[in-house]
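**Q** The following comprises the amino acid sequence and a computationally predicted model.
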Protein chains: 4
Amino acid sequence: MTVRFGLLGAGRIGKVHAKAVTSNPQAKLVAVADAFEQAARDLATAHGCEIRSIDDIEKATDIDAVIICTPTDTHADLIERFARAGKAIFCEKPIDLDVERVRQCLNVVQETGATLMVGFNRRFDPHFAAVRKAIDDGAIGDVEMVTITSRDPGAPPAEYITRSGGIFRDMTIHDFDMARFLLGEEPVAVTAHAAVLVDKKIGELGDYDSVSVILSTASGKQCVISNSRRATYGYDQRIEVHGSKGMVSAENQRPVSIEVANGSGYTRPPLHDFFMTRYTEAYANEIAAFIDAIAKGSTAAPGGDDGLKALALADAALRSVKEGRTITL
Amino acid sequence: MTVRFGLLGAGRIGKVHAKAVTSNPQAKLVAVADAFEQAARDLATAHGCEIRSIDDIEKATDIDAVIICTPTDTHADLIERFARAGKAIFCEKPIDLDVERVRQCLNVVQETGATLMVGFNRRFDPHFAAVRKAIDDGAIGDVEMVTITSRDPGAPPAEYITRSGGIFRDMTIHDFDMARFLLGEEPVAVTAHAAVLVDKKIGELGDYDSVSVILSTASGKQCVISNSRRATYGYDQRIEVHGSKGMVSAENQRPVSIEVANGSGYTRPPLHDFFMTRYTEAYANEIAAFIDAIAKGSTAAPGGDDGLKALALADAALRSVKEGRTITL
Amino acid sequence: MTVRFGLLGAGRIGKVHAKAVTSNPQAKLVAVADAFEQAARDLATAHGCEIRSIDDIEKATDIDAVIICTPTDTHADLIERFARAGKAIFCEKPIDLDVERVRQCLNVVQETGATLMVGFNRRFDPHFAAVRKAIDDGAIGDVEMVTITSRDPGAPPAEYITRSGGIFRDMTIHDFDMARFLLGEEPVAVTAHAAVLVDKKIGELGDYDSVSVILSTASGKQCVISNSRRATYGYDQRIEVHGSKGMVSAENQRPVSIEVANGSGYTRPPLHDFFMTRYTEAYANEIAAFIDAIAKGSTAAPGGDDGLKALALADAALRSVKEGRTITL
Amino acid sequence: MTVRFGLLGAGRIGKVHAKAVTSNPQAKLVAVADAFEQAARDLATAHGCEIRSIDDIEKATDIDAVIICTPTDTHADLIERFARAGKAIFCEKPIDLDVERVRQCLNVVQETGATLMVGFNRRFDPHFAAVRKAIDDGAIGDVEMVTITSRDPGAPPAEYITRSGGIFRDMTIHDFDMARFLLGEEPVAVTAHAAVLVDKKIGELGDYDSVSVILSTASGKQCVISNSRRATYGYDQRIEVHGSKGMVSAENQRPVSIEVANGSGYTRPPLHDFFMTRYTEAYANEIAAFIDAIAKGSTAAPGGDDGLKALALADAALRSVKEGRTITL
């Protein structure tokens, strides 16, 4: 079976997914839609697919699945439309910034029985996936404590911050999903501290740039998350998982692994400085998993519920900061 | 000037300090006192010093300074006695498990003008000291976020737990001191999560074995601490400090740094499995700093106030767990 | 300009190069030739190109360049044919196993003025290329001593050994090229030791499986090469270059960089176990460089002379072993 | 039993050994001799021992063993004298720079049945000893190939070079001993390349500062040694041993293991910059092993024969350079 795709959104991440689809022997990119004609045209030319409107993709009988890479505030509507149209749906995170809106949307998905996969790409990073596999293989016994470090090379522009839903819903949400992926048990308590240390403008917009979070599960498992919008040495993405029998961790990644030694010491180059180069393989593996799930008729994961739960943790973290207490879910 | 020492307590840590004194050209070990005669005798024989009672050491005119390595519940009394006797005092942490008792004791120290140094040995670890020096040298700009990982190879026996004051006052207290040492600003808010994941008996004794803590300072600097009474791979002691210009970290230490590679991968041996081998240099450097301060008439640090503040953070962490909220100091 | 390609040989490495050509926006794969019809057909289907005979590709007016991935004993003949046909030529190493035959072939290349690039792919590995760049940038001052470690996961089958020209011409030749690439001066003296330690059959075929080589240049720079047909922990490929001001090295590469720690120590997974996964980026970069050189009309390197010189070093190493002395070139 | 020591030579290395003796509960430092009175007096004061002449130590009935740390050209004579005097002897390497003189000396040792241990301290480095132990434990199967990197932070002064016997007898000799220690089989063939790349004066004195050596054993095992009198990043001392089942290696050592990360990359401090700090533990362990052997009446190793064989390899390496060929032993 060849899965036939419509792509909604021909921006930066749309291009990445288009490449993943066209290089997959089980998939075909049929059409792309984008409000910016030039973007749609460039992508269509590069991959030899058609340009269609979202409406036409919705009605198309030659399209089985869509990838939604449009702006965040369109996600929930599009998911509902394409669920009703009987298409399998891959949607970039988040489904929506509002938990209630997400719940409504997921109700539609459930009613229609549509396949929905949410773009928590980090689960598909080969290193993080290997950490999870080591846990599943029993390498560290029962999971007890998780530490996630996630630091961006630099703060995004003010326009982005404004529409982002704040650091917990925009940035930490990836770590909340990773925590759930690794803990193997739902967090039931959240405490967060947050501050503006990097960029005063972020504070003026009502957001934070430096946050620390603790999650606990019912059985007492803990996850500590450390986030910052600043990391001069590159895109800092580490996890370590401690269990009853040992520990498994994933190191940072750098594009070039050389070392120069001299009187000043031993120096290795900085890390990747951009999430798209850091997670190149993760993006490709994610779409491959989606295609594979459709082709096999199996469940696509992470699904809508994963999107909802990560968002609920983000909301709880924000409340914890505002109220100065541990929030119980 | 030669600093003449009396040693109170000839146990495990007393022996370590005796060696530090006798191998220091600026110091002389005059006498040792211990309730267990054999322990005193062994130490006296090994180092060629006298055996005296605590009373005699208190009255001695040939002794300038004492090192207190007796059980915790005797510390505050002994500090007061020797402060009044005009001796310089090095006391193993903690001064007492009760903040009020510590305050009283420090009042006596202040009134008498005695020199008091508290045994937060980790400040003197060459690697952690180098982290602090890198900060002082401006290598990472302004400190923003600190991460401290501190995991023991195994849980202590029940008797120890009972007298320990609980994990925050016994184990995390070292990390609270390290946080203060590195943040360069007092924490004003503390949140902690705690659980029993390693040993049910610890829970039955009302204590925890796995804790996560966030500290924040007035300007928003944050420190995350992760503690466990379990680490199968050895004594896990790491710190990393993120600043406006970069990051500095200290790696774990292992007694032997070889690597065996085969079809199973690349394997390095476990870490030190005991705090006394991990911190051998720290203990020696700590006493050397105490001797040096006395010889030079300079301030010995960390002092009584450092002991008090770390204990107050431990108390706050415990309250945070009990009350499910952030405690403001 | 679009460079139009004919591919000679649709085997393992042919497929890799076909992918590099088709994913390059400056290039087009027009046709493939292979004695095994099925291989040619599979590749043609996968990439949407024609199947043609070598004769037809030679005469084709719609083909600018060829990539030669046929068996070694056909390389020199094909280079001569396509040089005379006015095509740009990329040829897998070696040009031939016989130095005299290589010289004849290169004479034809020179007479015809053809562009010839030889497949020393390791120069295009991002890590090794970064080592060279660090040297060129002056990071280590004048190069003095180079150490190259190159160990295969396992010995090749007897059939391969028989046709390989022996370990120096088959395996060490990559290291001879790397030595030349890094030393910045031609080796003039070669000494080698060789033995059969891995597989007796290799000895029965008159070859070695474990060799050590020293190269010296006229100014005294030295390169040490260590080769083995055995490495249980994966494909071991390291270089380090010492200069007057410091050292630069390239580490080994592993597909997954996680670490599991427990009572047995800290274990990272084995390295890549196959040259084609280890050098994925190198192969792609190599063909991209060839395309770029043709498109720009610049010199393609490494060229025929590099192939000749590496082969001459291999011959010298073998003579050194046989005669028990240093061979001067 | 307490082993009673006389120390011959109160210089830099004499002080190190004095400390090792006095801190060992099985040993006692009775007397020191040194032509420089002040040196003897300082050491005697520091350790509370007597000052005696070499003659008096030779005749002393209260001395069981001597440690010879006098200039190299006195070693052989002193070994003979103290062997005849019935003392156990620890002698710094080398016994002599002349193989024939060493042979004569060892004949006397054999005739007298004296215990002689030679100061190849690196065998006692905890990391290198752990490499050997891993081999003995079967961790890597049969040893096949050894790589030894040994690079000094800087070239010694001309006076030292003049009396050193040349780089092979002075510096590489440690690596020859390490090669024998690790190969488990005597080298029978030696080839070396040598040059002056660091300091022209060294060349003017007829010596080299940059050498590469290959050793082979009868069964074909190989060892590659890389030496330089220059290493800007510290004292570079690495070994790796490849066997039929895997590889074991020992990393370099640095006094402080922190890492600073910023826009320039990740930087760890330089290595130890001096052999006496790098090998602190090795020196202590070496004397402890000597004392232990005497106390137990067991064989002290490495012995005179190890000194002789390492020297013979050094001589062979020099001949190899001079004659441009592999030297067979």
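**A** Cool, got the structure. Source: prediction; values computed, not measured. Numbering: from 1, shown residues only, chains lettered A, B, ... in the order given.
**Q** Next, A:I291: phi, psi?
**A** phi -60, psi -40 (degrees, to the nearest 10).
**Q** how many other residues sit next to it?
**A** 25 (other Cβ atoms under 10 Å in any protein chain shown). Every residue, glycine included, has its C-beta placed from N, CA and C.
**Q** Mind listing what's buried along stretch A:314-329?
**A** A:A314, A:D315, A:A316, A:A317, A:L318, A:S320, A:V321, A:R325, A:T326, A:I327 (16 or more other Cβ atoms under 10 Å in any protein chain shown).
**Q** pLDDT of that stretch, averaged?
**A** Averaging pLDDT along stretch A:314-329 yields 97.
**Q** follow-up on the earlier one: tabulate the buried residues of stretch A:314-329 in JSON lines, adding columns for secondary structure and distance to chain C.
**A** What follows is those, written out as JSON lines (DSSP: H, G, I helix; E, B strand; the rest coil; distance: Cβ to the nearest Cβ, whole Å):
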{"residue": "A:A314", "secondary structure": "helix", "distance to chain C": "27"}
{"residue": "A:D315", "secondary structure": "helix", "distance to chain C": "32"}
{"residue": "A:A316", "secondary structure": "helix", "distance to chain C": "30"}
{"residue": "A:A317", "secondary structure": "helix", "distance to chain C": "27"}
{"residue": "A:L318", "secondary structure": "helix", "distance to chain C": "32"}
{"residue": "A:S320", "secondary structure": "helix", "distance to chain C": "31"}
{"residue": "A:V321", "secondary structure": "helix", "distance to chain C": "32"}
{"residue": "A:R325", "secondary structure": "strand", "distance to chain C": "35"}
{"residue": "A:T326", "secondary structure": "coil", "distance to chain C": "30"}
{"residue": "A:I327", "secondary structure": "strand", "distance to chain C": "32"}
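**Q** could you pull out the helices for chain A?
**A** A:12-22, A:37-47, A:54-59, A:75-84, A:99-112, A:126-136, A:158-164, A:167, A:173-183, A:200-204, A:275-278, A:280-296, A:304-323 (DSSP state H).
**Q** quick one: the first one near chain C?
**A** Pointing back at helix A:12-22 there. No: judged by Cβ under 8 Å from any Cβ of the partner chain, helix A:12-22 stays clear of chain C, getting no closer than 9.5 Å.
**Q** CA-only coordinates of that helix, as CSV, when you get a sec.
**A** What follows is helix A:12-22, C-alpha atoms only, in CSV (Å, rounded to 0.1, in the frame of the first residue of the first chain):
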residue,chain,number,x,y,z
ARG,A,12,10.1,25.4,7.2
ILE,A,13,8.8,22.3,8.9
GLY,A,14,6.5,21.6,5.9
LYS,A,15,9.5,21.2,3.7
VAL,A,16,11.1,18.8,6.1
HIS,A,17,8.0,16.6,6.2
ALA,A,18,7.7,16.8,2.4
LYS,A,19,11.2,15.4,2.0
ALA,A,20,10.4,12.6,4.5
VAL,A,21,7.3,11.7,2.5
THR,A,22,8.8,11.7,-0.9
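**Q** could you say what helices and strands that helix packs with?
**A** strand A:3-8, strand A:27-33, helix A:37-47, strand A:65-68, helix A:275-278, helix A:280-296 (3 or more Cβ pairs under 8 Å, 6 or more residues apart in numbering or on different chains; DSSP states H and E).
**Q** got the residues of the stretch 51-200 of chain A near chain C?
**A** Counting by Cβ under 8 Å from any Cβ, the stretch 51-200 of chain A sits next to chain C at A:P126, A:H127, A:A130, A:V131, A:A134, A:A139, A:I140.
**Q** top of the residues you listed by neighbour count?
**A** A:V131 (26 neighbours).
**Q** Contact partners for the closest residue to chain C within the stretch 101-250 of chain A?
**A** The nearest approach of the stretch 101-250 of chain A to chain C comes at A:G246, 3.2 Å away (Cβ to the nearest Cβ). Contact partners of A:G246, counting by Cβ atoms under 8 Å, 6 or more residues apart in numbering or on different chains, are A:A139, A:I140, A:G141, B:T232, B:Y233, C:V260, C:A261, C:N262, C:G263.
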